[in-house]
Structures are given as structure tokens and as C-alpha cells.
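**Student:** generate coordinates for the sequence data below:
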Amino acid sequence: MRTDLGSIDRRVLFMKQFGTMEGPRRTTKGNFLHPLSDILFLVISAVVSGADDWGTIVLFGENQLKWPKKYGGYKNGVPSCDTLKRVFWALDTKCFNTCFMDRAKDICEPGAGAVVAVDGKAIRGTKQKKLPHTVSAFAEGNRPTRGQVATDEKSDEITAIPQLLGLLDIGGTTLTIDAMGCQREITEKMIDKGADYLLAVKGNQGSLEEAISDTVRLEVPMDRDVQSDLGHGRIGTSAA
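**Tutor:** Next comes the predicted model:
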């Protein structure tokens, strides 16, 4: 159930969601000015507000410092770019991902009948020779990303999708997945969690594709809908 953020202390809720995160820095030595909770609250708030690099995150914090201070913390002002980089480079990314999904669930949980699109993407613009891949679950109704799992290659999506589904509350929703996800293990996972699904079928499931083609070719449909879509440099036509 969606949480009413106007009736509770946002800072308390945030700390509850990220309470399992352990700071990667030693707190008993050195010049420790900014606790992990301050850093996480700042970075997530800034990114949600449109910041896309460390510099704009710091600028957001400096310009909006009165707002996060209302929820406590920031006794030493805004962390520097170098501090943010060091902390996030050393964070346990899997733990952060799990905590972030908990926050997304509390803020905006899709209701029964909602459509959630599961898709794999290569993260471009990372200046890496080998582009990292992720599998994400995107709620189309209220438009947040519910969660994501990193993969080494696009071919690893088949094993990553069940991992992602295991982390999400998808009961009562309808999931859409492309042909890569048309696998027995994935459909069983969705059924076990109480979700409906809509899968694409292509040549990777030859017998199933042939059976569907024969059914469409031999049966007379009650109705027919044809749609064309332009994207990724090609025109696609789908019939239902």
C-alpha cells in the first residue's frame, strides 16, 4: 500500500528504507564530516530532481540546503564532489539496489491490474568499451522504475529476469517481456507470484512460434487490430 508521505517524518522513513546500508568509510579516524544518511538523502533527492553528475548534485545541495536540513543532518553543510565519488565507488551496490527498491515500493506501488514492463538495456554514455547491461522493471502507470539487476552480457538477461522478479511485489500486475524472456522458468516465477504476463514469441522458441502461427493462420479472429511503430531505425508492424 502506498505510504502517505505527508503524515510522517520523511527522514525517519528514509532511514528505515536504507537502514541496512553499511558505510564504507571508517568513522573512528580521519576527518569524518558527513554521515552516510546525509550523503544518500542528498544524492537521491538531487537525482530525482534532475541532477545527472556529481557537480550538479553538490549545486543542488548548496542551493536547497534549507530543505534537507528540515529533516535533520547536514551539520557540516554539503559534501564535496570528491566525498560523494569516494563513498559511491565503495558502496555495496547490491544492498543499495535492494534498499532503493524498498523506497520505490513505499513511494509509488502499482496497484492491481497495473502493467509492468521488464526489459534489458545497454547503458550508453558510460565511456566504457564494454557497455554495462541492466534488466529493469518499469511501471507504466505511474512511471517509476521498480527495480533493476545488472548483467554482464545481453544473453544473461534470461538468468537476470527471475532474480529481478524475486525482488519485486508483482501480485495482481501484468508483466510484459520481449522474446528473450519467453522461458518456462520465467513464466513459472510470474505465476507463483500471482502476476499475469504477456510474452513475445520469436524464433528462439521455434515450435511455439510455429504453433501460434498455425493458430493465427487457420482460425478466423473475431476482431483484428494492426499498429505500426517507428523506433530504433526501423518500422515495426504488429497485428492482434
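**Student:** residue 118 contacts residue 135, correct?
**Tutor:** Yes - assessed by Cβ atoms under 8 Å, residue 118 is found in contact with residue 135 at 6.7 Å. Quick note: C-beta positions are derived from backbone N, CA and C, even for glycine.
**Student:** any residues in contact with both of the two?
**Tutor:** 161, 164 (Cβ atoms under 8 Å, 6 or more residues apart in numbering).
**Student:** all helices of the protein, in order?
**Tutor:** Listed in chain order, the helices of the chain (DSSP state H) span residues 10-17, 36-48, 54-63, 66-69, 81-90, 93-107, 157-167, 184-192, 206-218.
**Student:** of all those, which one is nearest residue 178?
**Tutor:** helix 157-167 (9.0 Å; Cβ to Cβ).
**Student:** and the closest one with helix 184-192, angle?
**Tutor:** 20 degrees (axes from the mean of the first three to the mean of the last three Cα atoms, to 10 degrees).
**Student:** report the angle between helix 157-167 and helix 93-107.
**Tutor:** Using the same axes, to 10 degrees: helix 157-167 against helix 93-107 is 50 degrees.
**Student:** residue 186 reaches residue 165, doesn't it?
**Tutor:** Yes - here residue 186 lies in contact with residue 165, judged by Cβ under 8 Å, at a distance of 7.3 Å.
**Student:** name the nearest residue to the most centrally placed residue in the chain, ignoring sequence neighbours.
**Tutor:** By Cα atoms, centre = their mean, the chain has its centre lying nearest to residue 147, at 2.9 Å. For residue 147, ignoring the flanking residues on the chain, the nearest one in space by Cβ to Cβ, 6 or more residues apart in numbering is residue 101 at 4.1 Å.
**Student:** and of the helices of the chain, who's closest to residue 139?
**Tutor:** helix 93-107 (8.8 Å).
**Student:** now do the closest one: which elements does it pack against?
**Tutor:** Counting contacts by 3 or more Cβ pairs under 8 Å, 6 or more residues apart in numbering; DSSP states H and E, helix 93-107 is packed against helix 10-17, strand 145-151.
**Student:** can you get me a residue count around the nearest residue to residue 84 once chain neighbours are set aside?
**Tutor:** The shortest distance from residue 84 to any non-neighbouring residue, by Cβ to Cβ, 6+ apart, is to residue 54 (5.2 Å). Residues near residue 54, counting by other Cβ atoms under 10 Å, number 18.
**Student:** all set now, cheers.
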